[in-house]
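Novice: Just to be clear, the model below is a prediction. Sequence and coordinates:
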Amino acid sequence: MNKIDQFLKDALSKSSSDLHFISGDPPRVRIHGALTILSPEKLTIDFVKEAMYEIMTGAMQRDFE
């Protein structure tokens, strides 16, 4: 299972339209236009990078860097 999978499942269960990952902040979802904290733990830069790289193609990773 990818690092992002549980966050996506939680986001879908709340009928959210977006999932926001910003290092140093907790993960957030957009529900009816408003950003809401999904879980209280703050995301580290390493976690965000690893989670994103798991779902990016090689070309996307090169563009990101």
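Specialist: Looks like it arrived, so ask away.
Novice: quick one: low-confidence parts of the protein?
Specialist: Within the chain, no stretch has pLDDT under 70.
Novice: my guess is V48 meets L19, correct?
Specialist: No. Applying Cβ atoms under 8 Å, one finds V48 not in contact with L19, separated by 11.6 Å. (Glycine included, C-beta is placed from N, CA and C.)
Novice: Give me the spatial nearest neighbour of the residue most central in space within the chain, chain neighbours excluded.
Specialist: Closest residue to the average C-alpha location of the chain: F21 at 4.0 Å, with Cα atoms, centre = their mean. The shortest distance from F21 to any non-neighbouring residue, by Cβ to Cβ, 6 or more residues apart in numbering, is to V48 (5.0 Å).
Novice: For that neighbour, which residues are in contact?
Specialist: Going by Cβ atoms under 8 Å, 6 or more residues apart in numbering, V48 touches 21-23.
Novice: burial of P27, as a residue count?
Specialist: Using other Cβ atoms under 10 Å, P27 has 22 neighbouring residues.
Novice: Contact partners for the residue lying closest to it once chain neighbours are set aside?
Specialist: Closest residue to P27 apart from its sequence neighbours, by Cβ to Cβ, 6+ apart: L38 at 4.5 Å. Each residue near L38 by Cβ under 8 Å, 6+ apart is listed here: 7, 10-11, 14, 19, 26-29.
Novice: just the buried members of those?
Specialist: Neighbour counting over those (16 or more other Cβ atoms under 10 Å) leaves 7, 11, 19, 27-29 as the buried ones.
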